[in-house]
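Enquirer: requesting a structural model of the entry that follows:
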Amino acid sequence: MKKHDFNPESLMMSYGYKPELSEGAIKCPIFQTSTFVFKTAEEGKAFFELAYGLREKSPKEELGLIYSRINNPNLEILENRLCLWDKADDCAVFESGMSAISTVLLEFLKPGDLLVYSNPLYGGTDHFIHHFLNKIGVHTIGVMPNQSIDQVIQMIKDSGKAEQLAMIYLETPANPTNDIVDIEKYSQLAKRFSTEDRKTLLAVDNTYMGPLWQHPLQCGADLILYSATKYIGGHSDLIAGAVLGKADLMLRVKTLRTFLGNMVSPHTAWLMLRSLETLKVRMDQQTMNAQVIAEYLEKHPKVENVYYLGLLKEDEEAYDIYKKQCSAPGAMVSFDIKGGEKEAFTFLNSLGLMKLAVSLGGTESLAQHPKTMTHAGVDDEQRQQMKITDQLVRLSIGVESSKDLIWDIEQALNKVGVCSKLEMEIS
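Expert: Predicted structure coming up:
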């Protein structure tokens with residue numbers, strides 16, 4: 001067969017797996033084992049030397065199987081396949097998105113360091129930054145979406161901690177407002193504050209775009225983080241996280257993962273391998289559905305604002321960033337309903353096909369109220385700055401018929417005004 005560069009979606013069926021090593025099984029079995037047998041004591045010694053960094057790998061040498069906290073066939077094949085989408089050197093999969101995030105922040109930040117992060121962030125990340133990192137002496141600066149790079153540079157200088165800037169952490173597009181920031185510009189900013197002795201790292205939470213619609217490493221990022229529960233898992237039946245990046249950084253991430261013990265289980269890895277086979281077809285359908293729904297909401301008289309990348313106008317700065325670093329607008333749609341919490345809750349309570357639940361990226365469509373749910377722990381003043389208000393509703397669009405989804409949204413919106421009038425009459 002002639003050499004051919006296959007697309008990732010084709011390689012998801014077989015890459016990294018050898019059927020002859022598993023009795024010819026067409027699909028990778030679940031390696032539900034805690035430990036692995038060495039052929040010889042010398043082999044065991046060699047494997048541990050590599051695992052503990054006691055020596056460098058010789059050419060073409062691979063780390064052998066030792067213990068499922070260190071490595072496992074399901075885990076290794078999964079990590080190899082995930083690298084294909086983002087063209088990463090290596091990948092580490094974790095038991096949750098938060099374990100991936102916390103491991104990265106713990107590995108690359110120490111007391112006295114400065115972390116610059118974008119707003120808004122996922123509520124769990126926000127909580128970890130504000131309620132844990134400060135306890136261990138890490139200094140932080142939060143950046144709002146409307147602030148320019150020059151303003152951010154000035155904030156770093158004014159902090160008096162510019163020489164301690166260890167990491168810039170971005171979530172783009174942001175949860176739940178779809179605010180987008182320029183990864184390439186922040187990469188240049190990180191280089192500006194790096195020194196010969198200390199490199200300022202750029203980490204990007206790419207959960208909203210999944211591994212398909214945006215590739216931060218190609219925009220200058222050093223690390224990508226995912227809640228793999230979302231698009232990568234894709235069926236709302238597992239919890240996982242992932243980190244991808246350059247080999248030297250990933251060695252540090254994987255080493256800390258080994259000693260924290262927060263790697264994914266063989267069974268969860270196997271489920272994710274199954275999910276990767278349909279990742280592209282699922283995500284393609286989800287973004288097509290989301291575009292139709294966003295356009296419908298934009299014209300609805302009971303909707304004040306719609307936050308969706310596919311609705312950005314050419315004269316907006318965000319549009320240029322979106323076109324530069326994204327291949328599709330994604331499947332997350334947020335909107336401000338006219339009114340407040342009461343109207344938002346009436347809408348959410350009236351949905352039938354769409355389910356009222358947090359999380360995102362699954363095959364089913366979900367709806368939730370960020371202010372009182374996923375971002376309930378965020379400071380109220382900060383929420384106001386980020387436009388996470390009583391009016392804001394977040395939708396994760398699935399693979400159902402877009403016509404059925406619009407029918408469901410329409411009947412729920414229709415009940416908003418009716419419920420309000422009835423309540424007024426009763427009172």
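Enquirer: who are the contact partners of the spatially most central residue of the chain?
Expert: Taking CA atoms, centre = their mean, the centroid of the chain lies closest to T207, which sits 1.9 Å from it. Going by CB atoms under 8 Å, 6 or more residues apart in numbering, T207 touches G97, Y122, E171, N175, L225, Y226, S227, K230, Y231, L360, G361. In short, each C-beta sits where N, CA and C put it, glycine included.
Enquirer: ok, of these, which one's closest to L54?
Expert: The nearest member of the contacts of T207 to L54, counting by CB to CB, is L225 at 29.1 Å.
Enquirer: show me the shaky parts of the stretch 301-427 of the chain.
Expert: Applying pLDDT under 70 to the stretch 301-427 of the chain flags residues 418-427.
Enquirer: change it to 90
Expert: Scanning the stretch 301-427 of the chain for pLDDT under 90 picks out 374, 376-386, 417-427.
Enquirer: just the strands in it please.
Expert: All strands of the stretch 301-427 of the chain, identified by DSSP state E, counting those that start in this stretch, fall at 303-307, 332-337, 355-356, 366-368, 392-396.
Enquirer: now those strands in a markdown table, with distance to Y67 and mean neighbour count?
Expert: Formatted as a markdown table, those follow (distance: least, CB to CB, whole Å; neighbours: other CB atoms under 10 Å):
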| stretch | distance to Y67 | mean neighbour count |
| --- | --- | --- |
| strand 303-307 | 46 | 18 |
| strand 332-337 | 38 | 25 |
| strand 355-356 | 39 | 14 |
| strand 366-368 | 37 | 22 |
| strand 392-396 | 37 | 25 |
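Enquirer: switch these over to TSV; also include distance to K18.
Expert: Shown next, in TSV, are the strands of the stretch 301-427 of the chain (distance: least, CB to CB, whole Å):
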stretch	distance to K18
strand 303-307	46
strand 332-337	38
strand 355-356	40
strand 366-368	38
strand 392-396	37
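Enquirer: which one of the ones you listed lies nearest to T374?
Expert: Comparing the strands of the stretch 301-427 of the chain by CB to CB, strand 366-368 comes nearest, at 6.5 Å.
Enquirer: the closest one packs against which elements?
Expert: helix 341-350, strand 355-356, strand 392-396 (3 or more CB pairs under 8 Å, 6 or more residues apart in numbering; DSSP states H and E).
Enquirer: repeat that with 7 Å
Expert: Using 3 or more CB pairs under 7 Å, 6 or more residues apart in numbering; DSSP states H and E as the contact test, the elements touching strand 366-368 are strand 355-356, strand 392-396.
Enquirer: closest one to V264 among these?
Expert: V264 sits nearest to strand 392-396 of all these, at 22.2 Å, using CB to CB.
Enquirer: show me what the closest one is in contact with.
Expert: 176, 331-337, 344, 347-348, 360-361, 365-371 (CB atoms under 7 Å, 6 or more residues apart in numbering).
Enquirer: do the same with stretch 101-108
Expert: 94, 125, 128, 133, 166-167, 201, 203, 223, 225, 243, 252-253, 256-257, 260, 262.
Enquirer: what stretches of the stretch 101-250 of the chain score poorly on pLDDT?
Expert: 123, 145-146, 196.
Enquirer: would you map the strands across it?
Expert: 114-118, 139-143, 165-171, 201-205, 223-227, 241-245.
Enquirer: turn those into JSON lines, including distance to W407.
Expert: Shown next, in JSON lines, are the strands of the stretch 101-250 of the chain (distance: least, CB to CB, whole Å):
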{"stretch": "strand 114-118", "distance to W407": "36"}
{"stretch": "strand 139-143", "distance to W407": "40"}
{"stretch": "strand 165-171", "distance to W407": "32"}
{"stretch": "strand 201-205", "distance to W407": "33"}
{"stretch": "strand 223-227", "distance to W407": "30"}
{"stretch": "strand 241-245", "distance to W407": "35"}
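Enquirer: closest one to M354 among these?
Expert: Of all the strands of the stretch 101-250 of the chain, strand 223-227 comes closest under CB to CB, at 20.4 Å.
Enquirer: count the residues that sit near the residue lying closest to M13 once chain neighbours are set aside.
Expert: Among residues not flanking M13 along the chain, E277 sits closest, at 5.8 Å (CB to CB, 6 or more residues apart in numbering). If you count neighbours by other CB atoms under 10 Å, E277 ends up with 15.
Enquirer: looking at this, W85 is in a helix?
Expert: Yes - applying DSSP: H, G, I helix; E, B strand; the rest coil, one finds W85 inside a helix.
Enquirer: got a pLDDT number for it?
Expert: At W85, the pLDDT value in this model is 97.
Enquirer: got the contact list for it?
Expert: P8, P211, L212.
Enquirer: wait, isn't the first one in contact with L82?
Expert: No - counting by CB atoms under 7 Å, P8 stays clear of L82, with 9.5 Å between them.
Enquirer: what about those two, which has more around it?
Expert: L82 (28 against 19).
Enquirer: who's in contact with that one?
Expert: Here L82 is in contact with C91, P211, A242, L244 (CB under 7 Å, 6+ apart).
Enquirer: run the last query once more with 6 Å
Expert: Each residue near L82 by CB atoms under 6 Å, 6 or more residues apart in numbering is listed here: C91.
Enquirer: tell me the secondary structure for it?
Expert: Assigned with three-state DSSP, L82 falls in the helix class.
Enquirer: quick one: buried residues of stretch 285-301?
Expert: For stretch 285-301, the neighbour count (16 or more other CB atoms under 10 Å) marks Q285, Q286, T287, N289, A290, Q291, I293, A294, Y296, L297 as buried.
Enquirer: that'll do, ta.
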